[in-house]
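> coordinates for the following, if possible.
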Amino acid sequence: MTMPESKEQSIQIIGMEDSEQSNNETEYVERPVYADVEQHDFSQYQTRERYNEELPERLQKYYQSAARDNDLLNMRDDIALIEAGIQDSVRRLSTKDPGELWIKARMTYRDLVLALRMQDDRESTRLMTLLGNTLEIGYTDALAWQDIERKQEVKRKMVDTERKRMMDMQQVITTEDFMKVVGSLVDSIRRRITDEDILRYISDDIRQVLKDQGM
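All right, here's what the predicted structure looks like:
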């Protein structure tokens, strides 16, 4: 498990301190196990905003806002934005069936050829306008469908990424939660072991493990 780097904490792992001895027995004074954890400064984990100085001024405030966003990896808003774009593209589709448009264009073209052969300028102009409008509708629909397919592919990748992120989150433990687990283990050890030397050895071992993990 990889933990964030932090300053070495002088945590009294076992949570006890020696007190005055009486009747040849060692008396312990309990202290809060999580006291050092609660007082730990986590500000050092904040982003360094390494690109801020190189960005144009107009982009800096957006970059700073994103860099401080603790939920930046959450893609639900991005997925919703893409979905809104898909719905907008769908609304721009005509009500014409693509097959009907092609049939209408073919028939209009055939009539246009006949009108041109008969040198009927008025009918030719009308048919050319009709053919142009029909082709424009089909062209606009084709572009809309391409846009829909492109956005759907982007959405699919975002959904896969978000699903993987959610699954990974179930396998990640935060530093605070990890320290709580350690504290619970320490409490259990303290209740069941009374030998001072053994407690000290256990404390040293746990402290070394936390140090190796950069805590």
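
> low-confidence ranges in this protein?
The chain contains residues with pLDDT under 70 at 1-50, 171-173, 215.

> now do the strands in it.
Under the criterion DSSP state E, the chain contains strands at 16-18, 28-30.

> could you count how many residues lie near residue 82?
Look at residue 82: counted by other C-beta atoms under 10 Å, it has 21 neighbours. C-beta coordinates here come from the backbone N, C-alpha and C atoms, glycine included.

> check residue 152 too.
14.

> residue 86 versus that one, what's the distance?
Between residue 152 and residue 86 the computed distance is 6 Å (C-beta to C-beta, to the nearest Å).

> try residue 150
From residue 150 to residue 86 the distance is 10 Å (C-beta to C-beta).

> repeat for residue 175
40 Å.

> not counting sequence-adjacent ones, nearest residue to residue 154?
Among residues not flanking residue 154 along the chain, residue 82 sits closest, at 5.6 Å (C-beta to C-beta, 6 or more residues apart in numbering).

> could you double-check that the one you found lies in contact with residue 153?
No - the pair residue 82 / residue 153 is not scored as a contact, 9.8 Å apart, by C-beta atoms under 8 Å.

> mind listing the helices for the chain?
35-38, 57-67, 76-91, 98-117, 121-169, 175-192, 196-212 (DSSP state H).

> distance to residue 51 added to these, as CSV?
Output for the helices of the chain, formatted as CSV (distance: least, C-beta to C-beta, whole Å):
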stretch, distance to residue 51
helix 35-38, 32
helix 57-67, 7
helix 76-91, 20
helix 98-117, 46
helix 121-169, 22
helix 175-192, 26
helix 196-212, 32
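
> the residue nearest to residue 154: what's it in contact with?
Counting by C-beta atoms under 8 Å, 6 or more residues apart in numbering, residue 82 touches 151, 154, 155, 158.

> can I get those in TSV including distance to residue 53 and neighbour count?
Shown next, in TSV, are the contacts of residue 82 (distance: C-beta to C-beta, whole Å; neighbours: other C-beta atoms under 10 Å):
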residue	distance to residue 53	neighbour count
151	35	19
154	31	15
155	35	18
158	30	18
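
> just the residues you listed now: which is nearest residue 194?
Each of these was scored against residue 194 by C-beta to C-beta, and residue 158 proved nearest at 56.4 Å.

> my read: residue 73 touches residue 164, true?
No - with contacts counted by C-beta under 8 Å, residue 73 stays clear of residue 164, the gap being 10.6 Å.

> what about residue 104, distance to residue 138?
Residue 104 is 9 Å from residue 138, by C-beta to C-beta.

> ok, residue 180 next?
Residue 180 sits at a distance of 63 Å from residue 138 (criterion: C-beta to C-beta).

> for those two, indicate the residue with more neighbours.
residue 138 (18 against 15).

> now residue 92. Its backbone dihedrals?
Backbone torsions of residue 92, given as degrees, to the nearest 10, read phi -80, psi -10.

> which residues does it contact?
Going by C-beta under 8 Å, 6+ apart, residue 92 touches 140, 144.

> 6 Å instead?
residue 144 (C-beta atoms under 6 Å, 6 or more residues apart in numbering).

> ok, residue 150 and residue 86, which is more surrounded?
residue 86 (18 against 14).

> gap between the more buried one and residue 161?
Distance from residue 86 to residue 161, by C-beta to C-beta: 17 Å.
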